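S.K.: what's the 3D shape of this:
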Amino acid sequence: MTTAAIALAAFTSAAWSDDVVKFTLVARDGFFRPPNLEVPAGKRIKIDIVNDGRTPIEFESLPLKVEKVLAPGARSSVVINPLKPGEYPFFDEFHPNTSKGVIVAK
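M.R.: Reported below is the predicted structural model:
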């Protein structure tokens with residue numbers, strides 16, 4: 001890789017990371033903490049998901065077309081492109097009665 005290509009890759013990576021607003025969502029025993037995330041509309045967001053429970057979870061949002069399965073103790077993340085103002089529900093498909101939340105873009 002040329003020096004110019006390395007510099008461009010580093011610049012692109014740094015620019016991308018500056019545009020991303022980060023949040024953390026912890027799943028434990030059938031509940032998400034926090035249950036609701038208020039995020040800035042028009043910004044790309046990254047949600048770090050931590051399964052702090054003893055059973056697997058599946059973070060899922062139908063309107064956002066995102067799903068992520070995590071084993072107990074696992075961590076992962078999802079990146080969501082800029083959202084219009086509004087509410088975007090999410091849930092844990094393995095605990096649908098208790099693990100519900102909303103991403104609120106303002």
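
S.K.: in what helix or strand does the most centrally placed residue in the chain lie?
M.R.: The residue lying closest to the centre of the chain (CA atoms, centre = their mean) is residue 47, at 2.5 Å. Using DSSP states H and E, residue 47 falls within strand 44-51.

S.K.: what's the answer for residue 38, then?
M.R.: Counting by DSSP H and E, the element that carries residue 38 is strand 36-39.

S.K.: in its sheet, what does that strand sit against?
M.R.: strand 100-105 (parallel) (DSSP bridges).

S.K.: Pull the distance from the strand it pairs with to the chain's centre.
M.R.: Strand 100-105 sits 11 Å away from the centroid of its parent chain (CA atoms, centre = their mean, to the nearest Å).

S.K.: Likewise for stretch 40-51?
M.R.: Mean C-alpha position of stretch 40-51 versus that of the full chain (CA atoms, centre = their mean) differs by 4 Å.

S.K.: got a list of what the residue nearest to residue 53 when sequence neighbours are not counted touches?
M.R.: Distances taken as CB to CB, 6 or more residues apart in numbering put residue 28 closest to residue 53, at 4.5 Å, once the chain neighbours are dropped. In short, each C-beta sits where N, CA and C put it, glycine included. By CB atoms under 8 Å, 6 or more residues apart in numbering, residue 28 lies in contact with 51-53.

S.K.: now do 10 Å
M.R.: The neighbours of residue 28, taking CB atoms under 10 Å, 6 or more residues apart in numbering as the test, are 50-55, 57, 99.

S.K.: what does residue 76 give?
M.R.: Residue 76 neighbours (CB under 10 Å, 6+ apart): 47-51, 59, 68-70.

S.K.: Show me what it is bridged to.
M.R.: Beta-bridge partners recorded for residue 76 (DSSP bridges): residue 49.

S.K.: for this structure, which spans come out with low pLDDT?
M.R.: Filtered on pLDDT under 70, the chain yields the residue ranges 1-18.

S.K.: residue ranges of the strands in it, please?
M.R.: Using DSSP state E, the strands of the chain run over residues 20-28, 31-33, 36-39, 44-51, 57-61, 66-70, 75-80, 86-92, 100-105.
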